[in-house]
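**Student:** 3D, please:
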Amino acid sequence: MQNDTHPTPPPEPAPYPADGHVEPGGPSAVRRLPGLVLRKASVGPMDNNTYLLRCPATGERLLVDAAAEPQRLRALLAEDAAEAVAEGEPTPRLTGILTTHAHHDHVGALAELAAATGAPVLAGQDDAADLPVPVQRPLRDGETISLGATRLEVIGLRGHTPGSVAVLWRGGEAGDHLLTGDSLFPGGVGNTGVDPERFAQLLGDVTARIFDRLGDGTRVYPGHGDDTTLGAERPSLPAWRERGW
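**Tutor:** Reported below is the predicted structural model:
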């Protein structure tokens, strides 16, 4: 049995691949941007992506989707802290755990990480009651989240769940970077079952609040699997609407 106090260390982090691919049980991928450090790791049997965002100027961090494998996520926090110290940056501290939506595969490690770190939990207002822990900050579309010297924008994307949210970092010359949970993937929007109203709502929000507002170079970091860009997905919007999923 693995010792929970001294978890087996994960492989060394890797440079961020062009497609954003990370393997379950494999190393995290690290992208250093001017004003933001982004780490991506795959956890759990459903290849869930967990992201760790850090402001290098202040050390403030936000963990996005504590989906599974709490030992792995604690190791991810430790890995990031060690890098910050090595770079001479401020000592990191976790200032929030954000859940993009309340589905079970995205919250498997949430209770343990929240208890271990004491970090406040953030989630969309209409999903908050379905999380396994109290939500200290319910989020609405259009809000901003302070992360040290930078800001993250909250985008409500109704349909996959009532309170699904995406998180946008505007990086200026470094481009826009968008964490979409299960609302937008390479090849389509998230699952809305066989409910045409939910699909119409999700596609409508994704179109109006993401594609109509952001440029083709926007990098999309989904809740499972590889990354994409809005430019790669935009031509398919009519086909998604036609097929109804």
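
**Student:** how close does the nearest residue to residue 151 once chain neighbours are set aside get to residue 154?
**Tutor:** Spatial nearest neighbour of residue 151, excluding adjacent residues (Cβ to Cβ, 6 or more residues apart in numbering): residue 144 at 4.9 Å. Quick note: C-beta positions are derived from backbone N, CA and C, even for glycine. Distance of residue 144 to residue 154, given as Cβ to Cβ, to the nearest Å: 7 Å.

**Student:** same for the helix ranked longest in the chain, what does it pack against?
**Tutor:** Using DSSP state H to define each element, the chain has its longest helix at helix 70-86. For helix 70-86, the packing partners by 3 or more Cβ pairs under 8 Å, 6 or more residues apart in numbering; DSSP states H and E come out as strand 36-43, strand 48-54, strand 60-64, helix 110-117.

**Student:** and the first one, which strands flank it?
**Tutor:** Meaning strand 36-43. strand 29-33 (antiparallel), strand 48-54 (antiparallel) (DSSP bridges).

**Student:** then the shortest one?
**Tutor:** Using DSSP bridges, strand 60-64 pairs in its sheet with strand 48-54 (antiparallel), strand 93-99 (parallel).

**Student:** so what's the gap between the longest helix of the chain and the chain middle?
**Tutor:** Put simply, helix 70-86 sits 17 Å off its chain's centre (Cα atoms, centre = their mean, to the nearest Å).

**Student:** what about the helices in the protein?
**Tutor:** 70-86, 110-117, 196-206, 230-233, 237-243.

**Student:** contacts only, for residue 107.
**Tutor:** 66, 67, 99, 131, 132 (Cβ atoms under 8 Å, 6 or more residues apart in numbering).

**Student:** the fourth one reaches residue 124, doesn't it?
**Tutor:** Okay, so that is residue 131. No: using Cβ atoms under 8 Å as the test, residue 131 is too far from residue 124 to be in contact (9.8 Å).
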